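Engineer: how would this look folded up:
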Amino acid sequence: MKKLMSILGTLSVIASSSTAVVACGDSRDVIQLIVPEDPNAFWNELISTAENYVKTDTYKDKYTVKWTSSKQDSNNELKNTQSAIDGGAKAVIMGQNNPDQRAAAKYVVQNDVPLIAVNIPFADDCVDGEKPNFEVFQDAVEASKTMAEKIAKTLADNGVKDTDGKYKVYEIWGDPSTPTAKGRHKGFAESGKFDYSWFKNNDSQLDGGKGVDGQYLETKANELTTDHQAEIIAGADLIYAHSDSMARGALTALGKSTEGKNWLKPTVAGDGAIKLGGIIVGYDYDSLSIDQIAAWKTKPEENIFASIHMSAKELAEKSMKRAIEEIENSNQNKNKHTKEKIGVAVITALDPKS
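Structural biologist: Modelled structure (predicted):
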């Protein structure tokens, strides 16, 4: 009875299309994907890749993928997880909201169901009973440092003069309490290529990561850029945003004024050499950014300039592979917390076409 009440009490936070309970007559095992927010372009690609992974002849009669959003709320994350496990999910792939809120992870592990962490790293101080079997992620420090070095060289090669060996950056963080945001800042800052001191309020952090849907980060980044547009236009060489959605939010804010658009426009010398204007760089290289970066040369005031490619497809495929392995080997790697990195690539609008 207690388990039944748990299921009934939590169904309200899960959309009917994403409940882990298998429809009558469907004998396939459920792999439950729990994403931290209502899907933006990045999470949509990850979800669709996971769904397509089990549509092959090998898996189509054995597995199905369900997903649900935690709406950036750890309480929802726990309720969704309880419903999935109580409903019979055979594995959980989780983009965790907050590494310090581990009740959802504990519920999966303690019910002897394989847990795969995706994209958002679990804390290193996790103990047995709350560790995932595998963690599939991109090393944010490595990636952001690679980005910093390439962007600094691109600015130098395209007519932008540094100030005392550094370029002036306005950085827009995500939730500063998370390892993801800390890593995306750390590599960029520690590259030594960028100056933060020029702007006295250059913490530029969103407030606590609280939101209701996938547009939250874009909206907040728009507000930050609007509030500090005068300082950015007067002093910054670039905006670095911790996600492409935030980069687009900043772009939209600048696009509302002639001054903002002019800041984004490069100039062309008599010999044809380009001198970059202000640029916006993001992180994810999601489907919208692929198009924007490709279009930057034509309309630089309407598009972001660069992004780190964090492949949603690669994250999903590796996570699905591990989830199915763990189902079929009876949860052999329970509590192992084995880390599996995906690759790093920095994409800019001035890269040679392959």
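
Engineer: okay, CA-based contacts and neighbour counts for the rest of this
Structural biologist: Will do.

Engineer: for the stretch 101-250 of the chain, just list every one of the strands.
Structural biologist: With strands called from DSSP state E, counting those that start in this stretch, the stretch 101-250 of the chain shows them at 115-118, 134-137, 167-172, 194-195, 238-241.

Engineer: most packed of the ones you listed?
Structural biologist: Most buried of the strands of the stretch 101-250 of the chain, by mean neighbour count (mean count of other Cα atoms under 10 Å): strand 115-118, with a mean of 28.

Engineer: Glu171 and Ser243 touch, don't they?
Structural biologist: No. The criterion here is Cα atoms under 8 Å, and Glu171 misses it with Ser243 at 10.9 Å.

Engineer: can you pull the contacts of Ala91?
Structural biologist: 30-32, 113-116, 323-324, 326-327 (Cα atoms under 8 Å, 6 or more residues apart in numbering).

Engineer: on that earlier part again, take the strands of the stretch 101-250 of the chain and write them to CSV, including distance to Asp61 and mean pLDDT.
Structural biologist: Shown next, in CSV, are the strands of the stretch 101-250 of the chain (distance: least, Cα to Cα, whole Å; pLDDT from 0 to 100):
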stretch, distance to Asp61, mean pLDDT
strand 115-118, 22, 98
strand 134-137, 25, 97
strand 167-172, 45, 95
strand 194-195, 53, 95
strand 238-241, 42, 97
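
Engineer: will you turn those into JSON lines that also has distance to Ile151?
Structural biologist: Below are the strands of the stretch 101-250 of the chain laid out as JSON lines (distance: least, Cα to Cα, whole Å):
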{"stretch": "strand 115-118", "distance to Ile151": "27"}
{"stretch": "strand 134-137", "distance to Ile151": "23"}
{"stretch": "strand 167-172", "distance to Ile151": "10"}
{"stretch": "strand 194-195", "distance to Ile151": "10"}
{"stretch": "strand 238-241", "distance to Ile151": "9"}
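
Engineer: nearest to Leu224, out of these?
Structural biologist: strand 167-172 (8.1 Å; Cα to Cα).

Engineer: what are the contacting residues of the closest one?
Structural biologist: 152, 161-162, 193-196, 198-199, 202-206, 221, 232, 235-242, 246.

Engineer: quick check: which of the strands of the stretch 101-250 of the chain is nearest to Lys60?
Structural biologist: Short answer: strand 115-118, nearest of those by Cα to Cα, at 20.7 Å.

Engineer: adding distance to Phe305, write the contacts of Ala91 out as JSON lines.
Structural biologist: Formatted as JSON lines, those follow (distance: Cα to Cα, whole Å):
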{"residue": "Val30", "distance to Phe305": "40"}
{"residue": "Ile31", "distance to Phe305": "37"}
{"residue": "Gln32", "distance to Phe305": "35"}
{"residue": "Val113", "distance to Phe305": "42"}
{"residue": "Pro114", "distance to Phe305": "40"}
{"residue": "Leu115", "distance to Phe305": "36"}
{"residue": "Ile116", "distance to Phe305": "33"}
{"residue": "Ala323", "distance to Phe305": "36"}
{"residue": "Ile324", "distance to Phe305": "38"}
{"residue": "Glu326", "distance to Phe305": "40"}
{"residue": "Ile327", "distance to Phe305": "42"}
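
Engineer: may I ask which of the residues you listed has the most neighbours?
Structural biologist: Leu115 (32 neighbours; other Cα atoms under 10 Å).

Engineer: what's the spacing between that one and Met320?
Structural biologist: 11 Å (Cα to Cα, to the nearest Å).

Engineer: can you check which residues contact both of those two?
Structural biologist: Among the neighbours of Leu115, those also in contact with Met320 (Cα under 8 Å, 6+ apart) are Ile93.

Engineer: closest one of the contacts of Ala91 to Lys79?
Structural biologist: Nearest to Lys79 among the contacts of Ala91, with distances taken as Cα to Cα, is Gln32, at 13.1 Å.
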